[in-house]
Every structure is written in structure tokens, then in C-alpha cells.
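Student: Pasting the sequence and the predicted coordinates here, then a few questions.
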Amino acid sequence: MRGHATVDELVPGFYAEDERERRLVKDPIVMKGLAWGRPRDGHPEGRVGLHVADLLRVIERWGERDPRRGELRFISLVHDSLKWRVLPWLPKRGANHHAARARRFAEGYTDDERLLATIELHDAPYAVWRQLMRTGEFDGDAFDGMLDRVPDLGLFLRFAELDAATEGKDDEPVEWLREQLALRSAGR
């Protein structure tokens, strides 16, 4: 995409529903993030903005109502928008992980720890699941550490379901996450 694309070009069908969304889509960091990407595993749509458009359509299809609707929209707009800032010569973890960068950015728009933790940790269940699938070993400490940092498990799970509901995503990690949460709530 050449020049400066508009939010309508980057996120087809998008309309800002509140002042925070209007400010977000005027932010050059978000706009650059929405324009970033090419088709790849897990994201056949390519650009982050097209992924966000998919998420917003799913929120509509689900009929989410406020305040959950606004929370999911905000998380959707921000969660992958800092991938372009990841330094490719460094490991993609800690402060160089796109989700950690997205959280720091989102702190300029909210102090709601429920939203910030969901943004920062949105890929953590998948990472634990992927390691389990690769090695056959469940890193319970990493999983429990993640859960300890999530103040709203309902929101966190709903965003995991949302992020997995788009083309190119495998729903097996989300099913596994649901099972793990059910086991923990049952006291196992």
C-alpha cells in the first residue's frame, strides 16, 4: 500500500464507536500497525487491519453488548498493532514481544488492567499449548503465572475465542484453554 492509507482502507467496514476509537485511528503508530503484515501462518489475510476487520465482524455477529463490546473492540484494535515495532534481530519475547509493546502503547489510552492484561497476554495460552504439543510437557507454572496476572478471566477467554474465530486460526488451543480453566475452577 503506497502513501498514507485511511482507516477505511486498512480496516474495511470500520467506524469509530467512541472517542477512544476515534483517537486510536488517528494515532500514526496504530495506523502503521494496521498497515503492517503479509499473508502468513495464522494470518492468511495478511495486514493486521484485515485481521482487525475480521474480529470486528465477529463481534457484530456475536451480538456483543456494551461494555463488553467496547472492551473487545479496543483490544482488537490494539492487540497486534505493534508487531511492526518488534526488533527482528532480538528474541520475540519479553519487552520485544508484540503484545508487550501493545500493552505499553495501550497504557496511553486506558488504565484498566483487565484490558491491558488481556492485550499483553493474549498469545500466552497459545504459547503454552504449542510447547505442550511440541514436547508433550505441560508448563503448569507458566500457565498458572499467566492466570495470576489476568484480573478478568471472562474477558480474557472471550478475546481468545474471538481471536481464534478468524480464518487461518486453529480452535484447538482455545478448546484446550477452556478445559484448563474448567479443571482449575473444579479444583483439580
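Tutor: Ah, there it is. Residues are numbered from 1 along each chain as shown.

Student: The spatially closest residue to Leu10 that is not a sequence neighbour: neighbouring residues, count only.
Tutor: Leaving aside its sequence neighbours, Leu10 sits nearest to Gly49 (C-beta to C-beta, 6 or more residues apart in numbering; 3.4 Å). No exception for glycine: its C-beta is placed from N, CA and C like everyone else's. Neighbour count for Gly49, taken as other C-beta atoms under 10 Å: 28.

Student: likewise Thr135?
Tutor: Neighbours around Thr135, by other C-beta under 10 Å: 9.

Student: ok, now the one 10 residues further on?
Tutor: A total of 13 residues lie near Gly145 under the criterion other C-beta under 10 Å.

Student: go on, Asp18?
Tutor: Asp18, neighbours per other C-beta under 10 Å, totals 12.

Student: returning to that earlier point: check contacts around the residue nearest to Leu10.
Tutor: If a contact means C-beta atoms under 8 Å, 6 or more residues apart in numbering, then Gly49 has Val7, Glu9, Leu10, Val11, Leu34, Ala35 as its contacts.

Student: out of the residues you listed, who's nearest Glu107?
Tutor: Closest to Glu107 out of the contacts of Gly49 is Leu34 (19.1 Å), distances taken as C-beta to C-beta.

Student: give me the element Ala99 is part of.
Tutor: Element membership for Ala99, per DSSP states H and E: helix 98-106.

Student: Please work out the average pLDDT along that helix.
Tutor: Average pLDDT, helix 98-106: 94.

Student: and it, how far from the chain's centre?
Tutor: Centre-to-centre, helix 98-106 and its host chain are 10 Å apart (C-alpha atoms, centre = their mean, to the nearest Å).

Student: who does that helix touch, helix- and strand-wise?
Tutor: Here helix 98-106 is seen to pack against helix 68-78, helix 113-121 when contacts are counted using 3 or more C-beta pairs under 8 Å, 6 or more residues apart in numbering; DSSP states H and E.

Student: Export these as JSON lines, with columns for distance to Pro173, mean neighbour count and mean pLDDT.
Tutor: Formatted as JSON lines, these follow (distance: least, C-beta to C-beta, whole Å; neighbours: other C-beta atoms under 10 Å; pLDDT from 0 to 100):
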{"stretch": "helix 68-78", "distance to Pro173": "18", "mean neighbour count": "22", "mean pLDDT": "98"}
{"stretch": "helix 113-121", "distance to Pro173": "14", "mean neighbour count": "22", "mean pLDDT": "98"}
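
Student: could you redo those as CSV and give each row distance to Glu19?
Tutor: Converted to CSV, the helices and strands packed on helix 98-106 look like this (distance: least, C-beta to C-beta, whole Å):
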stretch, distance to Glu19
helix 68-78, 11
helix 113-121, 16
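
Student: Fine by me, thanks again.
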